[in-house]
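> Sequence below, structure please.
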Amino acid sequence: MDMMNDEFYMSLALEMAERAQGQTGINPVVGCVIVKDGKLIGMGTHLERGAPHAEVHALQMAGAKAFGSTVYVTLEPCSHFGKTPPCSERLIAEGVKRVVIASKDPNPLVAGKGIEILQGAGIQVDTGILSERSRKLNAPFMKFITTGRPYVTLKTASTLDGKIASKTGDSKWISNEGARDRVHTLRHRHQAIIVGVSTVITDDPELTTRLSVEGLNPTRIVVDSKLRIPLRSKMLHDGAAPTLILTTGQGDPKKREALHEIGAEVISCGEGPRVDLKLAMDLLGQKEIGSILLEGGGTLNGSMLEERLVDKVVLFMAPKIVGGLGAPSNFMFSGVEQMSDAITLNDVEFEQLGDNMCITGTPVWSESVN
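Model (predicted):
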């Protein structure tokens, strides 16, 4: 097995998959390339839920040349009839010689069965090529398919002294234009965006995707325990994307009805006094929301971290110091007593965006803290 060639073609397949982030819903993003006699003969990407899979697009491009070829695919070919026929059977029918897979599919409906079917038909199967890159790419899918809950990315921006606004509440702008553009790319790649009602009251945000080219607008979700959201809020009237309000039994029934009349969906998440965030994630998962970008203030960020509902942290840091004892910070919660119990980040990556720094990582909680 020539690792260099395999990695080259798998990297190409992964690049194709990356381009479709945000448009496949709860489905994974998958790329596929087909090679024969040292030539690329087919390429494909899964573009949206219910549409043909990446392998099918690539096979259609390759045509009769697919016979005896090598197929590189970023996720194990499916083996079951869902919204589309099984790709493993299609690969067999086309007479491919070898299939190279980046990572196995965690979906219980597949779980290695696609590989078994291919091998049973005499096709050589190799797995694990650039598997870590594939795993990171489809982390939202893997979280949703195994837990039924959405993958939550916490995005926040702060000064060097950890403030998300000045002591007067002014926050425009902490981060630079490059960092803000990156945030809009994150919005495009997530199915939904979630904020607390205080953010809506203070900023009246649209929470849409604004890029130099057209992007996808995520569903807007507001955590609002007592239905304080103003009925005049922009997101309730712009029609850019659906708006969901997460509330409790303490929400005013008349306000609930008024929100319903202007098109918002109100979802009860416990009796209160605060929204049950774990229940909220379960209910959002049932609505097939598989990925959420958390753009909350310090209180919502802290609550989500305390409940261990955050899967990824993206922190933009600007070279500014604002001070102020009353200035809000990124993460406001009860905190830990020992530094050894701090929430830490694994798989940390650093990227410089002009004079801003983007720090990304996966949160890990101390086992000694309940």
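
> Every contact and neighbour count from this point should use C-alpha atoms.
Noted.

> Please give me every residue in contact with D204.
Residues counted as contacts of D204 (Cα atoms under 8 Å, 6 or more residues apart in numbering) are S233, K234, M235.

> Tell me the spacing between it and Y72.
Note on D204: its distance to Y72, by Cα to Cα, to the nearest Å, is 46 Å.

> Determine the three-state secondary structure at Y9.
Three-state call for Y9 (DSSP: H, G, I helix; E, B strand; the rest coil): helix.

> so it makes contact with V73?
No - with contacts counted by Cα atoms under 8 Å, Y9 stays clear of V73, the gap being 9.2 Å.

> between those two, which one's more packed in?
V73 (32 against 22; other Cα atoms under 10 Å).

> Now the common contact residues for Y9 and V73.
Residues touching both Y9 and V73 (Cα under 8 Å, 6+ apart): V33.

> Of the contacts of D204 - the most surrounded one?
When neighbours are counted by other Cα under 10 Å, M235 leads these with 21 neighbours.

> That one should be in a strand, yeah?
No - read with three-state DSSP, M235 is helix and lies in no strand.

> If you drop the residues flanking it in sequence, what lies closest to it?
Using Cα to Cα, 6 or more residues apart in numbering and skipping the chain neighbours, the partner closest in space to M235 is E206 (5.1 Å).

> Report the secondary structure state of that neighbour.
The local conformation at E206, judged by three-state DSSP, is coil.

> quick one: it from V183, how far?
Distance from E206 to V183, by Cα to Cα: 14 Å.

> go on, D37?
The value you get for D37 to V183, if Cα to Cα is used, is 42 Å.

> same deal with A157?
In terms of Cα to Cα, A157 sits 10 Å off from V183.

> out of these two, which sits in the busier spot?
Counted by other Cα under 10 Å, A157 and V183 do not tie: A157 has more neighbours, with 27 against 22.

> Tell me which strands the strand or helix carrying that one pairs with, and in which orientation.
According to DSSP states H and E, A157 maps onto strand 151-158. According to DSSP bridges, strand 151-158 forms sheet pairs with strand 291-294 (parallel), strand 312-317 (parallel).

> Restricting to C-alpha, output it in CSV.
Extracted C-alpha coordinates of strand 151-158, given in CSV (Å, rounded to 0.1, in the frame of the first residue of the first chain):
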residue,chain,number,x,y,z
TYR,A,151,-22.8,19.1,18.6
VAL,A,152,-22.3,22.5,20.3
THR,A,153,-19.5,24.9,19.3
LEU,A,154,-19.0,27.7,21.8
LYS,A,155,-17.7,30.8,20.0
THR,A,156,-16.5,33.8,22.1
ALA,A,157,-14.3,36.8,21.6
SER,A,158,-12.4,38.6,24.4
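
> May I see the buried residues of the next helix or strand after that strand?
Next along the chain after strand 151-158, taking DSSP H and E as the criterion, comes helix 177-189. Within helix 177-189, the residues scored as buried using 16 or more other Cα atoms under 10 Å are A179, R180, V183, H184, T185, L186, R187, H188, R189.

> Which two among those residues are spaced furthest apart?
A179 and R189 (15.4 Å; Cα to Cα).

> ok so, going back, of the buried residues of helix 177-189, closest to P86?
Ranked by distance to P86 (Cα to Cα), the buried residues of helix 177-189 are led by R189 at 26.2 Å.

> who's in contact with the closest one?
Taking Cα under 8 Å, 6+ apart as the criterion, R189 is in contact with Q21, G22, Q23, L216.
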